[in-house]
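Participant: When you get a sec, could you give me coordinates for this:
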Amino acid sequence: MMPFNALKFFLLGFFVLFALGIFAPTCPANAQSQSDQAGTSPPPQSPGGKQGLDFSVGPRGLDSLSYNGQSLLHSAQDGELQPWKSAFRAALDVLFPPRSSPAPAPAKGADTVDLFYPWGRASCTYGKQGDKITMRIEVSNAGPKEIDQLSLRLMELNFPSLAKGGTLEAGMFGFGFKGPEWPLHKGPASIPSVADPQFVVPIVRVDYGTGSLNFCSDDLECSVDVPDSTNSPAKTSYPFVITCRDIKPHASKTFNISLRFGPAGSRVQDLSGDVLERYAAKYPFQLNWTDHRPIGAIFLASSGINVATNPRRWILNYGEIDVTTDQGKAAFREALLKHADKSIEALKDVNAQGMITWDPEGEEFLGACYYGDPRLVPTFAPEMEFKNNSAKSVIDEYFEKFRAAGLKVGVCIRPQRIEMIDGKPIHQAAEDENAVQILRERIAYAKQRWGCTLFYVDSTATVSGALNPDVFKAVADAYPDVLLIPENESMRYFAYSAPLNSYMHHKITSTPAGARMVYPKAFSVLMAPEGDRPEDHDALVTAVRGGDILLFNGWYGGNEAGKIKKLYEEATR
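Facilitator: This next block holds a predicted model:
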């Protein structure tokens, strides 16, 4: 006999599949509108027709839409206002509909379309301002529970050729918005199709050959998205979707959306400059860091070291270190301070502003590196506290040497908590809720003990994506005198930090263009440990002139450091 739980899940799966079969054909036809069946499809317009924006509104949404004579709707059905949700959520709504009374019907205007739900109503009022379609969405929640999010398909546009564009999001690795050379949402996988105003300006740019458009949340209140095409393999038809959030019980909330049209190749600034300005005013640039000289990266340990008497894998003396005896600890102390002197010489030769030490805790537990918690130095690397009759421990003298040479100092920190499991440190998943406290505690320790002001923030991502930018705003508010350098990023990070982007790994040669559209003074830290390649020399010179900071290997001189020095010298001419 089938176990009860298995039977329950089997039945649930059957009902979900059954509901999907019911829901799929009926929802698009009904669109939950109070109107009857839409009229017949309008004939397609030719490129030689009426110039500028032209559209008409029917009982269910847009009946027609063209720009400069190019029709962008296959049919009136493509212009319908419709609910948008995952198939699974749609099935559950059919099986278990909310139990609340519908809102009373409003006095409907000629250009207003209503969708009715068990909990209330969503209305869209269309308007025209030059070459811009405005859509005023009012969501009325008559029910007793808050609506955390509601997604609507405003329309589905059909383009005459493969569309290009995307959001202004930088992506987790800083690829950024490059312009129209990417097919729509076929750029780097780290850049989502949705433009969520918590992370990025809510604009999706589309260049479709005969024209351009910007899909915008004008009041920055909802996400805008152009999900994947609905007509593979041609990929010329795309739904335009918004997600409204936080509609309180027994209340209404308004969301203002627009589609802004312009000639092919139009810049985001040309079509949506007001939205960019509004976003920068809501989330102002507050990074006050004026020193843009290079920064040296220093690594004290390596996974390649495997010496029994050197469990923290220190690279000093080629790994031939013994930290198990006082004599060995004294030799370790001497080697570390000599390493500092050598690093200072290399940093000063390049005119660096300072250095970041990645691993003062060592690298004993390879699966957990980098630990990113300077408070663990005494526990994980007790030899760093060795004094050898000195008034200060060796790790304190190490950082003091750099500061005495006029250099800033820093360490690597992480937003994850560490738990000891079977005697080994294991990083827990990062969470937006706890990240602020974790980062503030680690910064406070490093600032107070070693005077650190440079902080590389490793692994700045949760299981669902980059940490919320509000985390970095809160940390920057608490410590306005430090430079935060997060590993991963979203566009709004640039208001509070200088994200790390890798020239070495990803050939990133500048701050993403999307970030600079909103924050002209934004800058990145570009990892370039080997200097530049000839084909990228001019791009990196331009990056330095624009304020980007180059990160290089700061514990030795040589050809690589010489390339960094040359780039800065050329940039200041």
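Participant: Please enumerate residues in contact with the helix or strand where Phe399 lies?
Facilitator: Using DSSP states H and E, Phe399 maps to helix 394-404. With contacts defined as CB atoms under 8 Å, 6 or more residues apart in numbering, helix 394-404 is touched by 332-333, 336-337, 340-341, 343-344, 347, 354-355, 357, 360, 377, 381, 383-388, 390, 392, 408-409, 449-452. In short, each C-beta sits where N, CA and C put it, glycine included.
Participant: List the buried residues in it.
Facilitator: Val394, Ile395, Asp396, Glu397, Tyr398, Phe399, Glu400, Lys401, Phe402 (16 or more other CB atoms under 10 Å).
Participant: and which of those residues is nearest Thr254?
Facilitator: Phe399 (53.9 Å; CB to CB).
Participant: Asp536 - how many residues pack around it?
Facilitator: 15 (other CB atoms under 10 Å).
Participant: May I ask you to confirm that it is in contact with Tyr503?
Facilitator: Yes. Judged on CB atoms under 8 Å, Asp536 makes contact with Tyr503 at a distance of 7.3 Å.
Participant: and the residue nearest the centre of the chain, backbone torsions?
Facilitator: Against the mean C-alpha coordinate of the chain, by CA atoms, centre = their mean, the closest residue is Ser490 at 2.4 Å. Main-chain dihedrals, Ser490, degrees, to the nearest 10: phi -130, psi 170.
Participant: Go ahead and name everything in contact with the host helix or strand of Leu213.
Facilitator: Following DSSP H and E, one finds Leu213 within strand 212-217. Contact partners of strand 212-217, identified using CB under 8 Å, 6+ apart, comprise 67, 165, 195, 197, 202-206, 223-224, 226, 240, 242, 255-266, 268, 271-272, 275.
Participant: Quick one, grab the pLDDT at the nearest residue to the residue nearest to the centre of the chain once chain neighbours are set aside.
Facilitator: Of all residues not flanking Ser490 in the chain, Phe199 sits nearest, at 4.0 Å (CB to CB, 6 or more residues apart in numbering). Model confidence at Phe199, given as pLDDT, is 95.
Participant: burial count for Phe199?
Facilitator: The burial count for Phe199: 23, using other CB under 10 Å.
Participant: Enumerate every residue touching it.
Facilitator: Phe199 neighbours (CB under 8 Å, 6+ apart): Glu169, Ala466, Asn468, Pro469, Ser490, Met491, Arg492.
Participant: tell me the secondary structure for it?
Facilitator: coil (DSSP: H, G, I helix; E, B strand; the rest coil).
Participant: I'd like the numbering to begin with 668 instead of 1 from here.
Facilitator: Yes, from this point I'll number from 668; that puts the last item at Phe866.
Participant: For it, what are phi and psi?
Facilitator: phi -120, psi -30.
Participant: And it, how far from Asp1148?
Facilitator: Per CB to CB, to the nearest Å, Phe866 is found 26 Å from Asp1148.
Participant: again with Ala1072
Facilitator: From Ala1072 to Asp1148 the distance is 20 Å (CB to CB).
Participant: Which one of those two is surrounded by more residues?
Facilitator: Ala1072 (15 against 9).
Participant: Can you tell me the closest non-neighbouring residue to that one?
Facilitator: Ala1072 sits nearest to Ile1011 (CB to CB, 6+ apart), 4.8 Å away.
Participant: And for that neighbour, the neighbour number?
Facilitator: Residues near Ile1011, counting by other CB under 10 Å, number 21.
Participant: Hmm, Gly1073 and it touching each other?
Facilitator: No. In this structure Ile1011 lies outside contact range of Gly1073 using CB under 8 Å: 9.4 Å.
Participant: pLDDT below threshold where in the stretch 768-917 of the chain?
Facilitator: 768-775, 843-848, 852 (pLDDT under 70).
Participant: now the strands: where do they sit in it?
Facilitator: 779-784, 787-796, 799-808, 814-825, 831-834, 861-862, 870-874, 879-884, 890-892, 904-914 (DSSP state E, counting those that start in this stretch).
Participant: With the stretch 918-1067 of the chain instead?
Facilitator: 918-929, 962-965, 1021-1024.
Participant: The first one - what's its average pLDDT?
Facilitator: I take that to be strand 918-929. 98.
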